[in-house]
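Visitor: Below are the sequence and a predicted model; questions follow.
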Amino acid sequence: MTKRILILSVFVVASCGLAYELIAGALSSYLLGDSVLQFSTIIGCYLFAMGVGAHFSKYVKDDDVLARFIDIELAVGLIGGLSAALLFMTFSWMTAPFRTLLYVLVFLVGALVGMEVPLVMRALNARQTEFNELVSRVLTFDYLGALAVSLLFPLVLAPYLGLVRTGFLFGMLNVAVAFWTLHTFRHELARTGGRVLRASCVMLLLVFGFALSDRMVQWGEHGLFGDEIVYSTTTPYQRLVITRWKDDTRLYINGNLQFSSRDEYRYHEALVHPALQALPWARSVLVLGGGDGLALREILRYPNIKSVTLVDLDPAMTKAFTTRPELAKLNHGSFSDPRVKVINADAAIWLQDSTDTFDAAIVDFPDPSSFALGKLYSVPFYGMLKKHVAANGLVVVQSTSPFFAPHAYWTIDATLRDVGMKTYPYHAYVPSFGEWGFVLASPQQQYAPPTSYRLPMRFLNADTTREMFSFPPDMQRIEMAPNRLNTQSLVREFEQDWRQVIR
């Protein structure tokens, strides 16, 4: 019976160890971007720390193995359980030490986790378990625990519990293993009273944190965003936060500002109207991204548009901007228009499967701050998109800032040209973002910027349009290579450009 308990404990501690690693990787990716870099460095640090922990496990005396195992479980439960909350609060209120704390916590948890399995194996060996049976059982349950968490984390834990609450949950599981071991081997252990007291204190702290995790996240996000948070949710794809201050409503995705209601009309008029004004014959429009419905609002102003298909990955995004009155007011209830068809799917997969053709396409994705987003700005993606746009149609792509991120901006232009489209880059000043860039592209037809608009505008007229398509000396074209899927140079260019701005 005691052997089975020790073997089952391996399953639990393996699950907890991998969970802390995934939490650190996901949280740093949300907050810092570049998911490949974050996960790679965290995994490397974690595995190195496990090796260090495994090495130091040999210094634990044979008659002290179970006691040290219990102490380690309490330490892992405390540090690992608190890690997500500590990291989030640090980033929200004191950004500078975030990276240092991140790798310190990853190393500490990794070193402690690295000691767990060797100690369990020694405890089993002391109970006269055959070596071949010992190794096979321990490693089998170790890998099964890792498999269980690797499936549960992206499908259930992160989207429904959130990273902070998930951290507290797995911390409690580590402490439960400590309690379990204390109870099972109480006759072999000395001074169990003190350990029971310590385990109880750690468990109460973690339970308290789990119960208050929503408040912690809200408090942290208040420090991060400053304004009152009126809506927030974690989805399987991203963290959505909507804030309000006086008459200013703002949307943040993974901490990055997407729009301010005070000036979003500038962005969305510039995104939509230079193209649709030039296509009075257009009947169908494809929108990729744009789950807030604001670009949709501008498109639906044209009576000649008979159908709009909007493809956005996250159903929580489109649902919020459909059902929440204060958000639907911003997009004028555009999702309720009978001309609109909403598809919640990966845009790349949808383009690959669809056979529909459109007169115009508006591409309004978040900036290419990660490789998952970078693929939506790649040569293969634009090649597929071109097949879905009429030969005399137009494509518009939001393309980050030609002033703050010039290498990234001109990489997007080069990528569109690489698939055989003619490009017409332009920019507009949006106070919340500064100078912002777009690229208009056409499979075949020549394009000339509009000199007037059929619809009334708040921002656009002949003068502002002419200025948008003219680049001053400090935003001139830079010759860049296209963004290919196997290298994703755009993500690196984007990160380096914005790093220079922050400095």
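Guide: Sure, I can see it.
Visitor: domains of this protein?
Guide: For the chain, automatic domain parsing gives the domain ranges 2-214, 222-258, 263-502.
Visitor: Now do the first one, average pLDDT.
Guide: What it means is domain 2-214. Mean pLDDT, computed over domain 2-214, is 84.
Visitor: what does the last one give?
Guide: Per-residue pLDDT over domain 263-502 has a mean of 94.
Visitor: Now render the domains of the chain as CSV, adding mean neighbour count.
Guide: Every residue, glycine included, has its C-beta placed from N, CA and C. Formatted as CSV, the domains of the chain follow (neighbours: other CB atoms under 10 Å):
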stretch, mean neighbour count
domain 2-214, 19
domain 222-258, 17
domain 263-502, 19
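Visitor: Name the helix or strand for Ala178, please.
Guide: Secondary structure from DSSP states H and E places Ala178 in helix 163-184.
Visitor: For that helix, which helices and strands make contact with it?
Guide: helix 2-32, helix 65-93, helix 192-211, helix 213-225 (3 or more CB pairs under 8 Å, 6 or more residues apart in numbering; DSSP states H and E).
Visitor: could I get the ones you listed as TSV with distance to Ser354?
Guide: Shown next, in TSV, are these (distance: least, CB to CB, whole Å):
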stretch	distance to Ser354
helix 2-32	29
helix 65-93	39
helix 192-211	43
helix 213-225	37
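Visitor: what about the helices in the stretch 351-500 of the chain?
Guide: For the stretch 351-500 of the chain, applying DSSP state H, counting those that start in this stretch gives helices covering 371-374, 379-387, 406-418, 462-468, 489-502.
Visitor: Need those helices in a markdown table (columns: distance to Ile229).
Guide: Rendered in a markdown table, the data for the helices of the stretch 351-500 of the chain read as follows (distance: least, CB to CB, whole Å):
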| stretch | distance to Ile229 |
| --- | --- |
| helix 371-374 | 24 |
| helix 379-387 | 33 |
| helix 406-418 | 30 |
| helix 462-468 | 34 |
| helix 489-502 | 24 |
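Visitor: Quick one: closest of those to Leu169.
Guide: Evaluated with CB to CB, those place helix 371-374 nearest to Leu169, the distance being 25.7 Å.
Visitor: who's in contact with that closest one?
Guide: Here helix 371-374 makes contact (CB atoms under 8 Å, 6 or more residues apart in numbering) with Asp34, Ser35, Val36, Phe365, Pro366, Asp367, Pro368, Asn483, Gln488, Leu490, Val491, Phe494.
Visitor: mind putting those residues in JSON lines, distance to Leu108 included?
Guide: Shown next, in JSON lines, are those (distance: CB to CB, whole Å):
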{"residue": "Asp34", "distance to Leu108": "24"}
{"residue": "Ser35", "distance to Leu108": "23"}
{"residue": "Val36", "distance to Leu108": "24"}
{"residue": "Phe365", "distance to Leu108": "37"}
{"residue": "Pro366", "distance to Leu108": "33"}
{"residue": "Asp367", "distance to Leu108": "34"}
{"residue": "Pro368", "distance to Leu108": "34"}
{"residue": "Asn483", "distance to Leu108": "38"}
{"residue": "Gln488", "distance to Leu108": "32"}
{"residue": "Leu490", "distance to Leu108": "35"}
{"residue": "Val491", "distance to Leu108": "30"}
{"residue": "Phe494", "distance to Leu108": "32"}
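Visitor: State the pair within these that is farthest apart.
Guide: For those, the maximum inter-member distance is 18.3 Å, found between Val36 and Phe365 (CB to CB).
Visitor: Next, the contact list for Ser378, please.
Guide: Neighbouring residues of Ser378 by CB under 8 Å, 6+ apart: Thr415, Asn483, Arg484, Leu485, Gln488, Leu490.
Visitor: In CSV: the residues you listed, plus distance to Ala448.
Guide: Compiled in CSV, the contacts of Ser378 are given as follows (distance: CB to CB, whole Å):
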residue, distance to Ala448
Thr415, 23
Asn483, 27
Arg484, 31
Leu485, 33
Gln488, 34
Leu490, 28
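Visitor: of those, closest to Thr465?
Guide: Thr415 (24.5 Å).
Visitor: The closest one and Ala361, how far apart?
Guide: From Thr415 across to Ala361, the span is 15 Å (CB to CB, to the nearest Å).
Visitor: what's the answer for Pro450, then?
Guide: Pro450 is 18 Å from Ala361, by CB to CB.
Visitor: quick one: Leu257 is in a strand?
Guide: Yes: counting by DSSP: H, G, I helix; E, B strand; the rest coil, Leu257 falls inside a strand.
Visitor: thought it was touching Asp248?
Guide: No: Leu257 is beyond contact range of Asp248, at 11.3 Å (criterion: CB atoms under 8 Å).
Visitor: so what sits against both of these two?
Guide: With contacts taken as CB under 8 Å, 6+ apart, Leu257 and Asp248 have no neighbour in common.
Visitor: Compare the helices of the stretch 351-500 of the chain and give me the one nearest Gly209.
Guide: Closest among the helices of the stretch 351-500 of the chain, once you apply CB to CB, is helix 371-374, at 29.8 Å.
Visitor: Grab the CA positions of the closest one and hand them over as PDB.
Guide: The C-alpha coordinates for helix 371-374 follow below in PDB (Å, rounded to 0.1, in the frame of the first residue of the first chain):
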ATOM      1  CA  PHE A 371       4.800  33.800 -33.900                       C
ATOM      2  CA  ALA A 372       1.200  32.800 -33.600                       C
ATOM      3  CA  LEU A 373       0.300  36.300 -34.900                       C
ATOM      4  CA  GLY A 374       3.300  36.500 -37.300                       C
END
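Visitor: Which neighbouring elements make contact with the helix or strand in which Ala49 is found?
Guide: Here Ala49 sits within helix 35-56, counting by DSSP H and E. When contacts are defined as 3+ CB pairs under 8 Å, 6+ apart, helix 35-56 packs onto helix 2-32, helix 98-125, helix 371-374.
Visitor: will you turn those into CSV that also has distance to Arg68?
Guide: Below are the helices and strands packed on helix 35-56 laid out as CSV (distance: least, CB to CB, whole Å):
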stretch, distance to Arg68
helix 2-32, 14
helix 98-125, 6
helix 371-374, 41
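Visitor: Leu144 is nearest to which of those helices?
Guide: Distance to Leu144, taken as CB to CB, is lowest for helix 2-32 among those, at 5.9 Å.
Visitor: one step back: tell me what angle the helix holding Ala49 forms with helix 2-32.
Guide: Using axes from the mean of the first three to the mean of the last three CA atoms, to 10 degrees, the interaxial angle of helix 35-56 with respect to helix 2-32 works out to 150 degrees.
Visitor: got the angle between helix 35-56 and helix 65-93?
Guide: Counting by the same axes, to 10 degrees, helix 35-56 points 150 degrees away from the direction of helix 65-93.
Visitor: Isn't Val430 up against Asp263?
Guide: Yes: at 5.5 Å, Val430 counts as touching Asp263 under the criterion of CB under 8 Å.
Visitor: Quick check, Thr192 in contact with His183.
Guide: No: using CB under 8 Å, Thr192 is not in contact with His183; the gap is 9.1 Å.
Visitor: and the gap between the spatially closest residue to Ala275 that is not a sequence neighbour and Phe153?
Guide: Distances taken as CB to CB, 6 or more residues apart in numbering place Leu394 nearest to Ala275, at 4.4 Å, with adjacent residues excluded. Leu394 sits 42 Å away from Phe153, going by CB to CB.
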